[in-house]
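Enquirer: pasted the sequence and its predicted model underneath.
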Amino acid sequence: MQYLKIMEAINEQIDAGLLSAGNKLPAERKLAESFNTTRVTLRESLALLEAEGKLYREDRRGWFVSPIPLSYDPTYTTNFPQMAKEQGRLARTELIEAKLMPASRRAASLLKVPPLSEVYRVDRLRFLDERPVVVVTNFILPKYFPDLLEKSFTSSLTTLYREEYGVIYSKTRYRVSTTSLLGDTAQHLRATAGSPAMLVERLNYDQNDNVIDCDLEYWRHDAICIESVAQLSK
């Protein structure tokens, strides 16, 4: 079928290095003309390549070749900049908003607090090599972090917790699922609504085995590769 031939042709150019990470593909109209096909068939090929993590799309900007994904182990307590640095990548974080508010239903369930309990909500946008790749929302229990909103969020929460409160992440329970990027999340990631995403939910414990916060991470699905090492008992 023609859409499979188009996929194969684009894949070959990526594998041969003719289309390198971050390269922008020609406009859909020009691509359709070069493959002597319709834009409907072309979009089917591009959508499948996006699903495979070979391409990503930016709203109103077009299609791009996906970089090598970040190897991501949700069980590690290493902060995001350190994780990226260890893999030769450049990371930075922008604060979207931080406020005290009633817990969402999902946050209340994860944190095991009554509905409408007040929690800190911290929304951040993270970049990998200057590409926005994940929106992270932390719901934090105020009793462990008084006056948190008066602190600077320029560093990671891991560092802030340790240096300002003497709190250290000791254990994480996580869940990974697939979802779609919608609304403000899609807009922050410069993605078209409905683009595929990975959702990583983490419930974090301190050194005294207290639940202290949870976070919901909405990743562009091509930006990470979930990996973990299991320690087997002897």
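Expert: Perfect, I can see it now.
Enquirer: flag the shaky bits of the chain, pLDDT-wise.
Expert: For the chain, the stretches flagged by pLDDT under 70 are 77, 230-234.
Enquirer: render the CA-only coordinates of the host helix or strand of Val122 in CSV, please.
Expert: Using DSSP states H and E, the element containing Val122 is strand 118-128. What follows is strand 118-128, C-alpha atoms only, in CSV (Å, rounded to 0.1, in the frame of the first residue of the first chain):
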residue,chain,number,x,y,z
GLU,A,118,-5.6,22.1,50.6
VAL,A,119,-2.4,21.2,48.8
TYR,A,120,0.3,23.1,46.9
ARG,A,121,0.0,22.7,43.2
VAL,A,122,3.2,23.4,41.2
ASP,A,123,3.0,23.3,37.4
ARG,A,124,6.3,23.3,35.5
LEU,A,125,7.4,23.0,31.9
ARG,A,126,10.5,21.0,31.2
PHE,A,127,12.8,21.3,28.1
LEU,A,128,15.2,18.9,26.7
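Enquirer: and the next helix or strand after it, what other elements does it pack with?
Expert: On the C-terminal side of strand 118-128, the closest following helix or strand by DSSP H and E is strand 131-140. For strand 131-140, the elements it packs on are helix 105-111, strand 118-128, helix 183-188, strand 211-220, judged by 3 or more Cβ pairs under 8 Å, 6 or more residues apart in numbering; DSSP states H and E. For every residue, glycine as well, the C-beta is placed using N, CA and C.
Enquirer: what helices or strands is the longest one leaning on?
Expert: By that I understand strand 118-128. Contacts defined by 3+ Cβ pairs under 8 Å, 6+ apart place strand 118-128 against strand 91-102, helix 105-111, strand 131-140.
Enquirer: among these, which is nearest Thr37?
Expert: Nearest to Thr37 among the helices and strands packed on strand 118-128 is strand 131-140 (29.0 Å), distances taken as Cβ to Cβ.
Enquirer: which strand residues bridge the residue nearest to Phe153 when sequence neighbours are not counted?
Expert: Once flanking residues are discounted, Phe153 sits nearest to Leu95: 4.7 Å by Cβ to Cβ, 6 or more residues apart in numbering. Beta-bridge partners for Leu95, by DSSP bridges, are Arg124.
Enquirer: quickly find the element holding the residue located most distally from the centre of the chain.
Expert: Relative to the mean C-alpha coordinate of the chain, counting by Cα atoms, centre = their mean, the farthest residue is Asn36 (35.9 Å). Under the criterion DSSP H and E, no helix or strand holds Asn36.
Enquirer: measure it to Gln2 for me?
Expert: 9 Å (Cβ to Cβ, to the nearest Å).
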